[in-house]
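1. Quick check, what structure comes out for this input:
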Amino acid sequence: MDLEYAKFILEKTKENYNLIAEEFSATRKEIWEELEFLFKDLKEGEKVLDLGCGNGRWYKVFKEKGVDYFGVDNSEKLIQIAKENFPEAKFFVGDALNLPFPENFFDKIYSIALLHHIPSEEFRIKVLNEAKRVLKKRGILVLTCWKIHRLREIFALLKYILLKLIGKSKLDFKDMFLL
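-> Numbers count the residues shown, from 1 in each chain. From the prediction side, this is the model:
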């Protein structure tokens with residue numbers, strides 16, 4: 001994918017989340033029970049990054065575990081909501097492609113439902129390399145991505161493949177979820 005187009009998509013995604021932040025946040029208050037197992041090995045005092053933290057809803061889980069929590073999202077409005085909901089937490093507006101932390105800083109990084117918002121294979125690899133950079137040598141990166149085998153996604157994939165084959169899409173083949 002053309003990197004200028006990928007940057008355009010990133011900026012549009014950020015703008016859109018800023019526009020819908022309040023409504024989006026209202027639908028993202030609860031903790032997904034099916035993901036609670038991801039947090040069972042957290043240890044008190046660990047430095048943890050919530051990469052793509054949105055409105056900060058996962059902070060509740062991290063707080064219970066007594067970790068040193070940092071939340072980062074590129075949406076100013078979602079970070080503002082997170083700070084209002086959890087004023088004691090450390091939330092930052094930041095870019096997953098260029099994290100504002102030193103090397104070897106975090107014991108664990110959690111990135112829940114972020115990677116599918118990153119256009120282009122090159123940028124996704126850069127996000128993973130940034131996570132590796134700020135993660136301690138024996139640190140753990142926990143990633144989740146959307147399940148693609150739901151009927152809605154299958155139809156979206158078929159539509160996207162058709163658009164790509166007839167030359168009507170600028171996206172990479174691996175970027176269909178950005179539609």
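2. Pull the contacting residues for the spatially most central residue of the chain.
-> For the chain, the residue sitting closest to the mean C-alpha position, by C-alpha atoms, centre = their mean, is Leu114 at 2.4 Å. Listed by C-beta atoms under 8 Å, 6 or more residues apart in numbering, the contact partners of Leu114 are Leu51, Gly52, Ala96, Val127, Leu143. No exception for glycine: its C-beta is placed from N, CA and C like everyone else's.
3. which residues of the protein score low on pLDDT?
-> Counting by pLDDT under 70, the chain contains low-confidence residues at 147-157, 160-161, 164, 171-179.
4. per-domain residue ranges of it.
-> The chain breaks down into these structural domains: 3-28+40-145, 149-179 (assignment by automatic domain parsing).
5. contact partners of the helix or strand containing Leu78?
-> Using DSSP states H and E, Leu78 falls within helix 76-85. For helix 76-85, the external contacting residues (C-beta under 8 Å, 6+ apart) are 17-18, 21-22, 24-25, 53-56, 59, 71, 73, 89, 91-93.
6. that older thread, most neighbours, which of the contacts of Leu114?
-> Leu51 (26 neighbours; other C-beta atoms under 10 Å).
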